[in-house]
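Participant: I would like to see how this sequence folds:
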Amino acid sequence: MSPPLDVLYIAGCGRSGSTVLDNLLGQFEGCFAGGELWQVWRRGLIENRRCSDGPAFREHPFWREVLARAFGGQGEITDAQAAGFARAARSLLVSARYPRLALGSLPDVRTGLGDYREATARLYAAIAAASGARVLVDSSKSPVYAACLAGLPGLRLHVLHLVRDPRAVAHSWARHREQPDKGGMMDRHGTLWSGLQWRMANASARALGAAGGLPYRVLRYEDFTRSPREELLSITRWLGHDGAGFPLQADGCFVLRPGHAFSGNPGRFRSGPQALRADEEWRRALAAPKRRVVELIAGAEMRRYGYSAGSPS
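Facilitator: Below is the predicted model of the structure:
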């Protein structure tokens, strides 16, 4: 029997720095950074969005091989099946399952999801086979989706809970940002929405770590950007990886090789020499009333991670 595939799952709230972390982890030997893999069905098969190294998903040689290994080819998945899988994936991100998990009880991720779970297990195994990866990095972020992955045969899940100051997250959600894979602009959300999303996502990720019986650890974005070398090496040791292919240079710069991830924010589409820098624009750009709204909503949850109201960390 072959050993299970190690999946490093980045959980938490959107706009917390998962893309740069995902990009860096994908540079290690034997690691494949797939981006937000829950989006394979809609943004990949249905919308045929552009991948980070150029081709659109359905025309990309790598993803064509993956689909052939998993299902016999993309033509073997009907439009109705792809739409059904996309709805199932979405139900794990936006549903009543979130409050239950945030309160410490594992949600039901099996009822009505049998076909979807089987297809997902086959998909992940095919990605590993096509890429030759020993570790698959998935930055889908949803803790409920992670709970679904945790019960799949052939996968060994490690949950890396990435946390960022909620005021920084709120500012990021409000900014105008291009959507490189399809044109136009990315979705934007207001302060109230982002504060509630931050609180629910992080409470759920923490509850998954406590109740899920999974390898689990927390990483603050601020700690990662201050000490990226130490944090990256700590993560690889946690995974049992030997650290081969460590991407960072002494000055914090790195060369980003083009990958095969699809969709995502503009950072997903960069390649070549890069400098790792903390994005702290929010400290001067987020208005004081909006800061107070976020602090009121996030409350004890933000203090749990060392973020003090009224004094940015």
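
Participant: Which secondary structure elements does the lowest-mean-pLDDT helix or strand in the chain sit against?
Facilitator: Here the helix or strand of the chain ranked lowest by mean pLDDT, DSSP states H and E is helix 97-102, holding a mean of 86. With contacts taken as 3 or more CB pairs under 8 Å, 6 or more residues apart in numbering; DSSP states H and E, helix 97-102 sits against helix 143-150, helix 191-211. (Each C-beta comes from the backbone N, C-alpha and C, glycine too.)

Participant: Export those to a markdown table and append columns for mean neighbour count and distance to L8.
Facilitator: Formatted as a markdown table, those follow (neighbours: other CB atoms under 10 Å; distance: least, CB to CB, whole Å):
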| stretch | mean neighbour count | distance to L8 |
| --- | --- | --- |
| helix 143-150 | 25 | 11 |
| helix 191-211 | 21 | 14 |
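
Participant: Just send those helices back as CSV, with mean pLDDT and distance to A80 too.
Facilitator: Supplementary listing: those in CSV, determined by pLDDT from 0 to 100; distance: least, CB to CB, whole Å:
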stretch, mean pLDDT, distance to A80
helix 143-150, 95, 21
helix 191-211, 94, 31
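
Participant: want to throw the ones you listed into TSV with distance to Y116?
Facilitator: Output for the helices and strands packed on helix 97-102, formatted as TSV (distance: least, CB to CB, whole Å):
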stretch	distance to Y116
helix 143-150	8
helix 191-211	19
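
Participant: Tell me which of these approaches S263 most closely.
Facilitator: helix 143-150 (15.3 Å; CB to CB).

Participant: Can you give the contact residues for the closest one?
Facilitator: Outside of helix 143-150, the residues within contact range by CB atoms under 8 Å, 6 or more residues apart in numbering are 7, 9, 11, 38, 89, 92-93, 95, 97-98, 101, 106-107, 109, 113, 117, 120, 124, 138, 140, 155, 157, 159, 201, 204-205, 207-208, 212, 214.

Participant: Check which element follows that helix along the chain.
Facilitator: Using DSSP states H and E, the next helix or strand after helix 143-150 towards the C-terminus is strand 155-163.

Participant: and that following strand, what other elements does it pack with?
Facilitator: By 3+ CB pairs under 8 Å, 6+ apart, strand 155-163 packs against strand 5-12, helix 143-150, helix 191-211, strand 216-220, helix 221-226, helix 228-239.
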